[in-house]
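Visitor: got a predicted structure here, sequence first:
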Amino acid sequence: MAIAMTPQQEKDFDEKGYIILEDFLEQAELDRLLSAIDEVRDRVRQVEGGGPNDPFTIRNALAQHEAFLDLIDHPKMLPLVVDAIGWNIQIRTTHLDYRPPYPKDLKPGAIGVGDGDDQKAGYNNLGWHPDLSGKELFEGPSLDGRLPFMEIKVFYVFSDLSESNSGNLWLMPGSHMRPLQEWREMRGKSDLSEAVELRLKPGAAVLWRTATWHCVGPNLSDKTRKIMHVGYHYRWLRPADFIEQAPELISKSSPIRKQLLGALASKDNPLGTSPEFQPHSQYWITKNPDDVPLRAWAEAQEK
Ligand SMILES: O=C(O)CCC(=O)C(=O)O
């Protein structure tokens, strides 16, 4: 039974692969996030160099600022996340993209192809792809040639992406149900006839299945693209951006946040009570309910 998703949202999530939530963030939250981005940008410039017009991305962004951390268990988003993927989850990745307008003389590559001069100049304009589909990740066989459901992301929009060609995220509705072979055959080509360029205002959020084919268009606007993706997957998979989060971060976190950060509440051996002969990862079948407080939380919401 859904905690928060409406029947229409459930249908969109299943059939199109995504749910659009306009005006999701309050203005005060947005202001805080925008000033966090400025702060982090200045730190990145100090450490890594780069001029005011250089793009950058940050992984494990949640560790860079409390405002980003607060998105992982956002009280309005968490119920939708649990409806989408369940309670046995943790963060897989949190990534921030900061993409100033293209220099006038930079020629954008074709949308979805991912090999233009913009890509070469560091704009991370990946071509069409479902996540987890690269050679190292999941190009193994699956019974019907499709990616299994393994994770979701929430895409948060902080800058104005309501005009075309502002560095918009493109999605191919329903493509999570298509065999990977169709996507492989499409590489190098860019058929946009069935694709959707998301044109969203600051404060919007999109909850999406990362198996949905996606790509990013060029930023030909006069505004910097500022967005973040918060990825959630099952606790028995391995996160992409961290092995373990910093102990100081974990110790100051609420029980649910600890779970999302990939930590165990129990101080017992993570391999269970007989680690030598019967090692049993507590990220698989969890013995201690305190390791997964999101379960009791979800059950309480359903009542
Ligand atoms: O920057 C974006 O919005 C999307 C990035 C992307 O394609 C990915 O992380 O897989």
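Guide: That came through, no problem. Computed from a predicted structure; not experimentally measured.

Visitor: now the strands for the stretch 1-150 of the chain?
Guide: 18-21, 56-58, 89-99 (DSSP state E, counting those that start in this stretch).

Visitor: scratch that, the stretch 201-303 of the chain
Guide: Shown for the stretch 201-303 of the chain, the strands assigned by DSSP E, counting those that start in this stretch span residues 205-209, 214-216, 225-234.

Visitor: the second one close to the ligand?
Guide: Spelled out, it's strand 214-216. Yes: judged by C-beta under 6 Å from any ligand atom, strand 214-216 and the ligand are in contact via His214, Val216. To be clear about C-beta, it is placed using only N, CA and C from the backbone, and glycine gets the same treatment.

Visitor: other SSEs contacting that strand?
Guide: strand 169-171 (3 or more C-beta pairs under 8 Å, 6 or more residues apart in numbering; DSSP states H and E).

Visitor: tell me which strands the strand it packs on pairs with, and in which orientation.
Guide: Under the criterion DSSP bridges, strand 169-171 sits next to strand 196-197 (antiparallel), strand 214-216 (antiparallel) in its sheet.

Visitor: following it, which helix or strand shows up next?
Guide: The helix or strand immediately downstream of strand 169-171 is helix 180-186, counting by DSSP states H and E.

Visitor: re the thing from before, for the strands of the stretch 201-303 of the chain, give me CSV that also has distance to Lys267.
Guide: CSV is the format used below for the strands of the stretch 201-303 of the chain (distance: least, C-beta to C-beta, whole Å):
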stretch, distance to Lys267
strand 205-209, 34
strand 214-216, 40
strand 225-234, 23
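
Visitor: need those strands in TSV with mean pLDDT and mean neighbour count, can you?
Guide: Output for the strands of the stretch 201-303 of the chain, formatted as TSV (pLDDT from 0 to 100; neighbours: other C-beta atoms under 10 Å):
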stretch	mean pLDDT	mean neighbour count
strand 205-209	98	25
strand 214-216	95	24
strand 225-234	98	23
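
Visitor: do you know which of those strands lies nearest Arg45?
Guide: strand 225-234 (15.0 Å; C-beta to C-beta).

Visitor: in its sheet, what does that closest one sit against?
Guide: Assessed with DSSP bridges, strand 225-234 is paired to strand 89-99 (antiparallel), strand 151-157 (antiparallel).

Visitor: flag every buried residue along the longest one.
Guide: It refers to strand 89-99. Using 16 or more other C-beta atoms under 10 Å as the test for burial, strand 89-99 gives Ile89, Gln90, Ile91, Arg92, Thr93, Thr94, His95, Leu96, Asp97, Tyr98, Arg99.

Visitor: chain center to that strand: distance?
Guide: 5 Å (C-alpha atoms, centre = their mean, to the nearest Å).

Visitor: same question for the last one.
Guide: Between the centre of strand 151-157 and the centre of its chain there are 4 Å (C-alpha atoms, centre = their mean).

Visitor: swap in stretch 31-45?
Guide: Taking C-alpha atoms, centre = their mean, one finds the center of stretch 31-45 at 19 Å from the center of the full chain.

Visitor: and for Phe155, nearest residue in space, chain neighbours not counted?
Guide: Distances taken as C-beta to C-beta, 6 or more residues apart in numbering place Val206 nearest to Phe155, at 4.3 Å, with adjacent residues excluded.

Visitor: that neighbour pairs with what?
Guide: Ile20, Phe155.

Visitor: how far away is it from Leu21?
Guide: 7 Å (C-beta to C-beta, to the nearest Å).

Visitor: again with Pro255
Guide: In terms of C-beta to C-beta, Pro255 sits 26 Å off from Leu21.

Visitor: of those two, give the one with the bigger neighbour count.
Guide: Neighbours per residue (other C-beta atoms under 10 Å) separate Pro255 from Leu21, with Leu21 holding more: 20 against 16.

Visitor: can you pull the residues of the stretch 151-300 of the chain lying near the ligand?
Guide: Contacts of the stretch 151-300 of the chain with the ligand, taken as C-beta under 6 Å from any ligand atom, map to Leu169, His214, Val216, Ile227, His229.

Visitor: can you redo the strands paired with strand 225-234 as a markdown table with mean pLDDT?
Guide: As requested, the strands paired with strand 225-234 are exported to a markdown table (pLDDT from 0 to 100):
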| stretch | mean pLDDT |
| --- | --- |
| strand 89-99 | 98 |
| strand 151-157 | 98 |
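
Visitor: wait, which of those is closest to Lys76?
Guide: Nearest to Lys76, of those and by C-beta to C-beta, is strand 151-157 at 10.8 Å.

Visitor: on that earlier part again, who are the contact partners of the residue nearest to Phe155?
Guide: Residues near Val206 by C-beta atoms under 8 Å, 6 or more residues apart in numbering: Tyr18, Ile19, Ile20, Leu21, Val154, Phe155, Val157, Leu169, Leu198, Leu200.
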